[in-house]
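Colleague: Let's see this in three dimensions:
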Amino acid sequence: MVPEWLSEKDNYIPKKEKNLYIEKSIFSLIKIISIIRQNKNQDKLIYSINPSLKVASTILIILCVSISRSFIYLLIIDIYVLINLFLIEKKLSKRILFKSFIFPLITLITLIPSMVYGNIYNSLLIFQKIIITILLVNILSHTSKWSEISKSLKLLFIPDIFIWIMDLTIKYIVLLGEHSINLLHALKLRSIGITPNKYNSLTGIIGNLFIKSYKMSEEMFHAMECRGFVGEYTIKANLKLKKVDYVYFIINILLLSLFIFL
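Modeller: Predicted coordinates for the structure are as follows:
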């Protein structure tokens, strides 16, 4: 005899549940990895500038901006930054602008008490400097490959340990980001209906990432040891300059001259 419960139809319909936290986490990780891995060999003019010249000019302008106390000079730099943004894709330039105004606005809010007591000029000066600095760094990172930036830093006599840490950080952001995306997808697919212990599984994901990063660091250490890596970077200088590089160099020299004059 077949039991009655076997003959009954299974009409189980899981209750709907929102996975906003998991979906947002997956989307944010994909967004970060796509920014790092995006193809920067574009047809736009700003992408073809020599990376070493671009890095050196950006560092020099940031130093001038941080030292300057002239609003006129900062406004000239603003025009220069806007021209650079105009040479980038519209979608990317909007993203850079949006990200670059978040922290300066927070800084401006914290400077309100100082402005109330009459220190308006210096407060607005700090606000302007933060905006320009973040915009310049974002433009550099979005228009240059990370490998080219590392080479340029080596040519500028930046310590090898700094370049090594930056390279490893970017590499592990991508690798561990992809691993965490797979873990979050697995958690989402296995969560049918309302599962009260779903968010407790996030601690397991964090632990898994920690173990994964530990194993990867050991493997990388052994790989470097086998290849005889002693922490020193040897890079050949790319001194081939095009017409665009000369124009870019002249513009930056003019900006430096304006800083000295003003």
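Colleague: ok, Ile72 - how many residues close by?
Modeller: 10 (other C-beta atoms under 10 Å). (Glycine included, C-beta is placed from N, CA and C.)
Colleague: Excluding covalently adjacent residues, which one is nearest to it?
Modeller: Spatial nearest neighbour of Ile72, chain neighbours left out: Leu262 (6.0 Å); criterion: C-beta to C-beta, 6 or more residues apart in numbering.
Colleague: contacting residues around the one you found?
Modeller: By C-beta atoms under 8 Å, 6 or more residues apart in numbering, the residues touching Leu262 are Ser68, Ser70, Ile72, Tyr73.
Colleague: So among these, which ones count as buried?
Modeller: Those of the contacts of Leu262 that meet the buried threshold are Ser68, Tyr73, by 16 or more other C-beta atoms under 10 Å.
Colleague: Just flag the most distant two among the contacts of Leu262.
Modeller: The most widely separated members of the contacts of Leu262, counting by C-beta to C-beta, are Ser68 and Ile72 (9.4 Å).
Colleague: okay, and for the stretch 151-262 of the chain, where does confidence drop off?
Modeller: 191-201, 231, 235-239 (pLDDT under 70).
Colleague: the helices in it, which residues?
Modeller: Assignment of helices within the stretch 151-262 of the chain using DSSP state H, counting those that start in this stretch yields the ranges 160-190, 201-226, 243-261.
Colleague: any chance of those in a markdown table, plus mean neighbour count and distance to Leu125?
Modeller: Converted to a markdown table, these look like this (neighbours: other C-beta atoms under 10 Å; distance: least, C-beta to C-beta, whole Å):
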| stretch | mean neighbour count | distance to Leu125 |
| --- | --- | --- |
| helix 160-190 | 14 | 29 |
| helix 201-226 | 12 | 42 |
| helix 243-261 | 14 | 15 |
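Colleague: Just tell me which of the ones you listed ends up closest to Leu135.
Modeller: Taking the helices of the stretch 151-262 of the chain one by one with C-beta to C-beta, helix 243-261 is closest: 14.5 Å.
Colleague: Contacts made by that closest one with the rest, please.
Modeller: Counting by C-beta under 8 Å, 6+ apart, 45, 48-50, 53-54, 57, 60-61, 64, 67-68, 73, 76-77, 80, 241 sit against helix 243-261.
Colleague: Tell me how far the residue nearest to Ile72 lies from Ile49.
Modeller: Distance of Leu262 to Ile49, given as C-beta to C-beta, to the nearest Å: 25 Å.
Colleague: just Pro113 next, same as before
Modeller: Here Pro113 is placed at a distance of 42 Å from Ile49 (C-beta to C-beta).
Colleague: More neighbours: which of these two?
Modeller: Neighbours were tallied for Pro113 and for Ile49 using other C-beta under 10 Å; the higher tally belongs to Ile49 (20 against 10).
Colleague: Excluding chain neighbours, what is closest to that one?
Modeller: In space, Ile49 is closest to Tyr248, 5.2 Å off (C-beta to C-beta, 6+ apart).
Colleague: Buried ones in the helix or strand Ile26 falls within, by neighbour count?
Modeller: Counting by DSSP states H and E, the element that carries Ile26 is helix 20-37. Neighbour counts over helix 20-37 (16+ other C-beta under 10 Å) mark Ile22, Ser25, Ile26, Leu29, Ile33 as buried.
Colleague: my read: the first one touches Ala186, true?
Modeller: No: applying C-beta atoms under 8 Å, one finds Ile22 not in contact with Ala186, separated by 10.5 Å.
Colleague: roughly how far apart are Val108 and Lys240?
Modeller: Small correction: residue 108 is Leu, not Val. 43 Å.
Colleague: who has more neighbours, those two?
Modeller: Leu108 (17 against 7).
Colleague: quick one: contacts for the more buried one?
Modeller: Leu108 neighbours (C-beta under 8 Å, 6+ apart): Ser123, Phe127.
Colleague: How is it assigned, secondary-structure-wise?
Modeller: Of the three states, Leu108 takes helix under DSSP: H, G, I helix; E, B strand; the rest coil.
Colleague: what's the distance between it and Ile163?
Modeller: 34 Å.
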